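Engineer: Have a look; sequence and predicted model below, questions after that.
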Amino acid sequence: MKRIGILGGTFDPPHIGHLIIAETVRTELQLEEIWFIPTFEPPHKLEATMDAESRIDMLKLALADNNSFILNTIEVERSGKSYTIDTMKQLKDTFPDNEYYFIIGADMVEYLPKWYRIDELLQLVRFVGVKRVGYSMESPFPITEVDIPFVDVSSSNIRERISENKSIKYLVPNSVHTYIKEHGFYEKG
C-alpha cells in the first residue's frame, strides 16, 4: 500500500508555499509521494487566470527537481467543475491499494462542513490540515495537523506583484519565474 498525499489547487502560478507544504507533509507523515492535482475549474473560486495547459507547464517546472512530487492531471482531463469526491472516487478506482492524505490549509478546514458529499469523502481520504495565521484548526471532522514553516505567499499576491511590476524572485522556483517572464503572464494588459 502506497501512502500518497494529494495537493489540489489552481496553481496559478505554483509557488514556494505549495512546495514547502508538500515537502513538510511528505516528510512529517512519511508519505511516499505527493500528487499535485491542478483543477480545471474549482467549485469554490473564480476561474483561474491562466489556461490549464500553462498552469500544467508551470507545475512541471516547479516539481522537476523532486522525485516524490508527481503531477496528476485527472481533473483537467475530466474538465468542468472539479469536486474532490469525484476525483477521489476516480483515484480509488484506478489505484485501489493507495492510502490518500488530502492536504488542505486551515482556511479550508473551517470550510469542510460545507464540502460537497463530505461524509462520503471521509471514507476515501484522511484530511491533513496545515496551519495558517488567522485560522482555527477546529473541525467536527478528524484532521491530522502538520506544522509548516510560515511563508506568507499566495498565487493571488504573486499575480498582483507582477501586475504592479514588482519582483517575484524567490516566491516561485527560478524555472517558473523565467517561464512567467518569457510568456508575459499576469502583466497588466
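Structural biologist: Received it, and whenever you're ready, just let me know what you need.

Engineer: just checking, what packs against the helix or strand of the chain with the lowest mean pLDDT?
Structural biologist: Lowest by mean pLDDT, DSSP states H and E among the helices and strands of the chain is helix 106-111, with a mean of 87. Helix 106-111 sits against strand 125-130, with contacts defined as 3 or more CB pairs under 8 Å, 6 or more residues apart in numbering; DSSP states H and E. All C-beta spots, glycine's among them, are computed from the backbone N, C-alpha and C.

Engineer: Name the residues that touch the next helix or strand after the strand it packs on?
Structural biologist: Using DSSP states H and E, the next helix or strand after strand 125-130 towards the C-terminus is strand 143-146. If you take CB atoms under 8 Å, 6 or more residues apart in numbering as the criterion, strand 143-146 is touched by 24-25, 28-29, 101, 109, 126-131, 137.

Engineer: Adding neighbour count, write those residues out as TSV.
Structural biologist: Putting the contacts of strand 143-146 into TSV (neighbours: other CB atoms under 10 Å) gives the following:
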residue	neighbour count
Thr24	16
Val25	21
Glu28	15
Leu29	15
Tyr101	21
Val109	23
Arg126	15
Phe127	22
Val128	23
Gly129	25
Val130	23
Lys131	15
Met137	13
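
Engineer: wait, which of those residues is closest to Tyr83?
Structural biologist: Closest approach between those and Tyr83, by CB to CB: Phe127, at 15.3 Å.

Engineer: Below-threshold pLDDT in the protein: ranges please.
Structural biologist: Applying pLDDT under 70 to the chain flags residues 42-48, 189.

Engineer: tell me what the helix or strand where Ile37 lies is packed against?
Structural biologist: Ile37 belongs to strand 33-38 when assigned by DSSP H and E. Helices and strands touching strand 33-38, by 3+ CB pairs under 8 Å, 6+ apart, are strand 3-9, helix 16-28, helix 52-63, strand 69-71, helix 74-78.
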